[in-house]
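Enquirer: Sharing a model that was predicted from the sequence below.
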Amino acid sequence: MGLSRAGQKQSGAEPLRRLRFSARVRGREEKNMGKFTGVLLASDFDRSLTGPDDKIPARNIEAVRWFKEQGGEFAVVTGRSHSLFRARLGDIPKGTPVIVMNGALIYDFEAGRAIFERDMDDDVKDLVRWIQAQWPGVRFELQTIRGHYAFGEDPARDEFMRMNRCELLRAPLEEIDVPVMKIAIFGDWSAKSFENDMFAALSPEDDAYYEDMKDRLNEHCGGKYVAVRSMPRTVEVQAAGESKGTAVRRLADSLGCGFIAAVGDAPNDIPLLDAANMPFVPSTASPDLLEDGRYCVVGPCGGGAVADAVYAMESLL
């Protein structure tokens, strides 16, 4: 397809005829303003902004730079905690707003403080005990403003945390005295493939297991908390009503942006994509997202899916 800027081409993107956009940028004027003034581009981090090698493709870096030069606002919206994302700050433009924990926390890394946070209630410890009874020995982490409290053993997950300079905390459940913002439950990290397609590599049996885990959690929580699958073998639980979508709308309002574009690849990105006027998914995304006719499928994450989204917006706005 021929969406381009200065010879840039989309990497394997599908035609954009599937998109129907009626929204317009609030207060946008052609004179003395950049092409993307009033536009917030919000991207998931892992396998949306980054490739399967965990690096940000050069095309994405250049496209985000040009997008911001043209007046746009850029933000990262991730399921990672602020503690886990801190090691990646040098990979994104300085001052980029970061929404973490699937929207439960908006964190100002320069000031070292939370701008917004939504904690789970005190009954979260009862939920933890129920999880331990249903899935004995499973690895899970309680994510707090202080850091990650880890339960269960998983050397591969421990190594990932070490590589990202995120210290794991250990304490008996009864002694944790800080509010919990998210519970993350992990399958066997050694079974994950970060070099290949994580979703294609998931067996039907494993897919059914984690889907059942998510469904049982949602049934048990009765609408107070919501469970989502952020990766094929990861289920995350947080307060209902907070999501990547509600957080990005909150951020857009604070920035004065009347138009949101979003890029995401996993089920926990659905609220983010649904909050956007222009939602994009990489061709390497979860099958559920690829089969959803509401989203524009662009190129693979390793080829620069965020760049594809930027250059698509250039022709559509």
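Expert: Noted; the coordinates are in hand.

Enquirer: Which positions in stretch 146-160 come out as buried?
Expert: Residues of stretch 146-160 classed as buried: G147, H148, Y149, A150, F151, D154, R157, F160 (neighbour count, 16 or more other CB atoms under 10 Å). C-beta here means a position set from N, CA and C on the backbone, and glycine is covered the same way.

Enquirer: Just to be sure, which of the residues you listed are found in helices?
Expert: Of the positions in the buried residues of stretch 146-160, R157, F160 sit in helices, assigned by DSSP state H.

Enquirer: burial count for D215?
Expert: D215 has 12 neighbouring residues, counting by other CB atoms under 10 Å.

Enquirer: so which strand or helix has it?
Expert: According to DSSP states H and E, D215 maps onto helix 204-221.

Enquirer: For A104, which residues are in contact?
Expert: Applying CB atoms under 8 Å, 6 or more residues apart in numbering, we find A104 in contact with E117, R118, D119, M181, K182, Q238, A239, E242, A247.

Enquirer: which of the residues you listed sit farthest apart?
Expert: Farthest-apart pair in the contacts of A104 is D119 and A247; separation 14.5 Å (CB to CB).

Enquirer: after the helix holding D215 comes which helix or strand?
Expert: Taking DSSP H and E, what comes next after helix 204-221 is strand 225-231.

Enquirer: Name the residues that touch that next one?
Expert: Against strand 225-231 from outside (CB under 8 Å, 6+ apart): 46, 79, 102, 120, 127, 184, 192, 198, 210-211, 213-214, 217-218, 221, 235-240, 243, 266-268.

Enquirer: Could I get the CA-only coordinates of it as PDB?
Expert: Only the C-alpha atoms of strand 225-231 are listed here, as PDB (Å, rounded to 0.1, in the frame of the first residue of the first chain):
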ATOM      1  CA  TYR A 225     -11.800  -6.700  40.000                       C
ATOM      2  CA  VAL A 226     -11.100  -7.600  36.400                       C
ATOM      3  CA  ALA A 227      -8.700 -10.200  35.000                       C
ATOM      4  CA  VAL A 228      -7.200  -9.900  31.600                       C
ATOM      5  CA  ARG A 229      -4.500 -11.800  29.600                       C
ATOM      6  CA  SER A 230      -1.700  -9.400  28.900                       C
ATOM      7  CA  MET A 231       0.500 -12.100  27.300                       C
END
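
Enquirer: What is the distance between it and the centre of its chain?
Expert: Offset of strand 225-231 from its chain centre (CA atoms, centre = their mean, to the nearest Å): 12 Å.

Enquirer: could you give the angle of it to helix 204-221?
Expert: In terms of direction (axes from the mean of the first three to the mean of the last three CA atoms, to 10 degrees), strand 225-231 departs from helix 204-221 by 160 degrees.

Enquirer: Name every strand pairing with strand 225-231 and say which way it goes.
Expert: strand 234-239 (antiparallel) (DSSP bridges).

Enquirer: The partner strand: what's the following helix or strand?
Expert: Counting by DSSP H and E, what follows strand 234-239 is helix 244-255.

Enquirer: out of D119 and A247, which sits in the more crowded spot?
Expert: A247 (27 against 18).
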